[in-house]
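A.B. asks: Structure, please.
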Amino acid sequence: MSAANRPSAEVIELDIRGTIPVASFDSVLLRASVASSINPVVPELVRNESILAPVDGGFGAWSFLAAAFLVETIVWGFPSAFGVFLAEYLKNPVYLSQPGATSLLPLIGSLSTGIIYCSGVVIYPFTSRYPQWRRTLILVGGFICFASLFGASYATTVNQLVALQGVLYAIGGSLLYAPCLCYVSEWFVKKQGLANGVLSAGTAVGGLILPFIIPRLVAVHGASTALRYLSIAIGISLIPCYPFLKGRLPVARVQGPAARGAPDRAWLTSAPFWLLAAVSTMQGFGYFVPILWLPTFASNLDISDSNSSLTLAVLNGASAVGRVVMGYASDNIDPWLLILSTLGTSALATFILWGVLSNSFAGLLAFGLVYGVMAGGFTSLWPAIVRPIAKDDVALITSLYGYLLLTRGIGNIASTPVSNALLRTNQSVSIPYHQTKTGFAVGEGRYENVIIYVGICFAAASVISVGGWAVEKSRAQRDHVRG
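C.D. replies: Model (predicted):
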């Protein structure tokens, strides 16, 4: 049959200049598939058609989640275990003899996570707008993570440690992690809460494993050589992940600097989003302080280095459980109620378990367990609030994540100098350990103001979350009346 006599068929072209929601993209391809079954000529005219892997399951989804979990474990888990390195650095006379060492060394941990958080406001919109760069960023970011720690293992000054282990590592982590987060919304829709919970649990798993590994490496090889071995292990561990760190949807064809259509700005007037941002900021001011200082606090109880590291491992291990549980629960329970429960319980745990009962090793472990489960699960609740605000727009979801991570990063970075100042404030306080028998008195009362500060941060965040719950409940009632 000549071309002139062929049946007419509509040309279907997937001209993607923005991010098409998953459901819409699937429906487009479904219609193309149905059309081709009716008219066999259509496949000759369909361009950019792709057979998509299943969403919420299948080898592609679960292999991606496993690889992304390992990335999260490395990128976030290493800084989560920095408290073990900090305790070692603060014993090193070479570092302590340098000006400002006691103020700069604690900053390494907060910079390595805080910069990753804050960079989200720039890098997430970029990776959403230019998806063709995602896999390149993953490769570059992984190499920088390895190179920064490898270089830090040869550092001889505090400033070099801050620049390499703190700043440069964070840059690499940002480039490696952001594309993975963008891919989550492509692979998971109905199970996105569970997927985000599993992904964020990687942070806690890294923080659980490394506190057991680092002290042994340091004891045998010293801090510098231990860091060098860890950098090599990180580089090797990332290699098998790369083939699975890819999106489910075809890469968008982008032409020009602007996406088609006007951007959705409705979120700017969304009260739940701004309340969540305020809660995230306040929670960030307190959350990272115990993670940073718990091993040092434990050393003041005259327990072994391995048991000091165990306190941080328990906290991070409990956090892994909390993140998965909260992520799963957010698919079925009001996320604002979950946020209120996590923040309120964290405040009580800080005042009672850390402030009163942590004068013993058992009490400190109890605090780490409760605090890890409740405070650690907070970020797993973000998707349940962000998705309705973004109306399941994948590009907008990643952008809003970037803003939330920025708020958390601000609290992360600021909390270190604040807590360090509070520690110095209490150095002149002398409360005999054997007389008070409370966690407030450990280290001659050195940590009292720090404990109170963390508890107040969580209490204030819980008060703000009540406003978020009230706004959402009012909206639900209005929708019910209209319906």
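
A.B. asks: Quick check: residue 294 touching residue 309?
C.D. replies: No. With contacts counted by CB atoms under 8 Å, residue 294 stays clear of residue 309, the gap being 9.5 Å. C-beta: built from backbone N, CA, C; applies to glycine.

A.B. asks: what about the stretch 101-250 of the chain, any weak spots by pLDDT?
C.D. replies: Of all residues in the stretch 101-250 of the chain, none has pLDDT under 70.

A.B. asks: Mind doing that once more with 80?
C.D. replies: Flagging of the stretch 101-250 of the chain using pLDDT under 80 yields the residue ranges 128, 192-193, 196-197, 200-201, 203-204, 207-208, 211, 249-250.

A.B. asks: What are the boundaries of the helices in it?
C.D. replies: 101-104, 107-129, 134-152, 158-161, 169-187, 192-221, 223-238 (DSSP state H, counting those that start in this stretch).

A.B. asks: what do you get for the stretch 351-483 of the chain?
C.D. replies: 361-376, 382-390, 394-425, 433-436, 442-445, 448-482.

A.B. asks: Identify, out of the helices of the stretch 101-250 of the chain, the most deeply packed stretch.
C.D. replies: helix 169-187 (a mean of 25; mean count of other CB atoms under 10 Å).

A.B. asks: Point out the other helices and strands that that one packs with.
C.D. replies: Counting contacts by 3 or more CB pairs under 8 Å, 6 or more residues apart in numbering; DSSP states H and E, helix 169-187 packs against helix 58-80, helix 107-129, helix 134-152, helix 192-221, helix 394-425.

A.B. asks: So what angle separates the directions of that helix and helix 223-238?
C.D. replies: 20 degrees (axes from the mean of the first three to the mean of the last three CA atoms, to 10 degrees).

A.B. asks: Okay, angle between helix 169-187 and helix 192-221 too, please.
C.D. replies: Using the same axes, to 10 degrees: helix 169-187 against helix 192-221 is 150 degrees.

A.B. asks: CA atoms only for helix 169-187, dumped as PDB, please.
C.D. replies: Listed in PDB are the C-alpha atoms of helix 169-187, where the atom choice follows Å, rounded to 0.1, in the frame of the first residue of the first chain:
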ATOM      1  CA  TYR A 169      32.100  16.800  51.600                       C
ATOM      2  CA  ALA A 170      28.800  18.600  51.900                       C
ATOM      3  CA  ILE A 171      29.100  19.900  48.300                       C
ATOM      4  CA  GLY A 172      29.700  16.300  47.000                       C
ATOM      5  CA  GLY A 173      26.800  15.000  49.200                       C
ATOM      6  CA  SER A 174      24.400  17.600  47.800                       C
ATOM      7  CA  LEU A 175      25.200  16.700  44.200                       C
ATOM      8  CA  LEU A 176      24.900  13.000  44.900                       C
ATOM      9  CA  TYR A 177      21.800  13.000  47.000                       C
ATOM     10  CA  ALA A 178      19.500  15.500  45.300                       C
ATOM     11  CA  PRO A 179      18.900  13.500  42.100                       C
ATOM     12  CA  CYS A 180      18.000  10.500  44.100                       C
ATOM     13  CA  LEU A 181      15.300  12.400  46.000                       C
ATOM     14  CA  CYS A 182      13.900  13.600  42.700                       C
ATOM     15  CA  TYR A 183      13.600  10.100  41.400                       C
ATOM     16  CA  VAL A 184      11.600   8.900  44.400                       C
ATOM     17  CA  SER A 185       8.500  10.700  43.100                       C
ATOM     18  CA  GLU A 186       8.800   8.900  39.800                       C
ATOM     19  CA  TRP A 187       9.100   5.400  41.200                       C
END
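
A.B. asks: now that helix against helix 58-80, angle please.
C.D. replies: Going by the same axes, to 10 degrees, helix 169-187 makes 150 degrees with helix 58-80.

A.B. asks: quick one: which of the helices of the stretch 351-483 of the chain has the weakest pLDDT on average?
C.D. replies: Ranked by mean pLDDT, the helices of the stretch 351-483 of the chain bottom out at helix 433-436, with a mean of 51.

A.B. asks: Can you tell me how far residue 131 is from residue 350?
C.D. replies: Residue 131 sits 41 Å away from residue 350, going by CB to CB, to the nearest Å.

A.B. asks: hang on, the earlier thing: mind putting the helices of the stretch 351-483 of the chain into CSV with distance to residue 114 and mean neighbour count?
C.D. replies: Below are the helices of the stretch 351-483 of the chain laid out as CSV (distance: least, CB to CB, whole Å; neighbours: other CB atoms under 10 Å):
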stretch, distance to residue 114, mean neighbour count
helix 361-376, 17, 23
helix 382-390, 18, 22
helix 394-425, 4, 22
helix 433-436, 33, 11
helix 442-445, 26, 20
helix 448-482, 16, 18
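
A.B. asks: And the protein, what are its domain boundaries?
C.D. replies: As given by automatic domain parsing, the domain ranges for the chain are 13-52, 58-482.

A.B. asks: returning to that earlier point: distance to residue 86 added to the helices and strands packed on helix 169-187, as CSV?
C.D. replies: Formatted as CSV, the helices and strands packed on helix 169-187 follow (distance: least, CB to CB, whole Å):
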stretch, distance to residue 86
helix 58-80, 11
helix 107-129, 6
helix 134-152, 14
helix 192-221, 11
helix 394-425, 10
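
A.B. asks: Comparing residue 131 and residue 350, which residue is more hemmed in?
C.D. replies: residue 350 (29 against 23; other CB atoms under 10 Å).

A.B. asks: Could you pull up the contacting residues of the closest residue in space to the more buried one that isn't next to it in sequence?
C.D. replies: Excluding its sequence neighbours, the residue lying closest to residue 350 (CB to CB, 6 or more residues apart in numbering) is residue 455, at 4.0 Å. By CB atoms under 8 Å, 6 or more residues apart in numbering, the residues touching residue 455 are 286, 347, 350-351, 355.

A.B. asks: rewinding a little: the helices and strands packed on helix 169-187: which one's closest to residue 163?
C.D. replies: Set against residue 163 and scored by CB to CB, the helices and strands packed on helix 169-187 come closest in helix 134-152, at 8.5 Å.

A.B. asks: For the closest one, name the packing helices and strands.
C.D. replies: For helix 134-152, the packing partners by 3+ CB pairs under 8 Å, 6+ apart are helix 58-80, helix 107-129, helix 169-187, helix 223-238.

A.B. asks: Tell me how far it lies from the chain's centre.
C.D. replies: Distance of helix 134-152 from its chain centroid, counting by CA atoms, centre = their mean, to the nearest Å, is 18 Å.

A.B. asks: tell me the angle of that helix relative to helix 107-129?
C.D. replies: Going by the same axes, to 10 degrees, helix 134-152 makes 170 degrees with helix 107-129.

A.B. asks: Contacts for helix 134-152, please.
C.D. replies: Residues outside helix 134-152 that contact it (CB under 8 Å, 6+ apart): 74-75, 78, 123, 127, 160-161, 164-165, 168-169, 171-180, 182-183, 227-228, 230-232, 234-235, 238, 242, 245-247.

A.B. asks: Kindly recompute the last result at 6 Å.
C.D. replies: Helix 134-152 is contacted by residues 127, 161, 164-165, 168-169, 172-173, 175-176, 179, 227, 231, 234-235, 238, 245 when judged by CB atoms under 6 Å, 6 or more residues apart in numbering.
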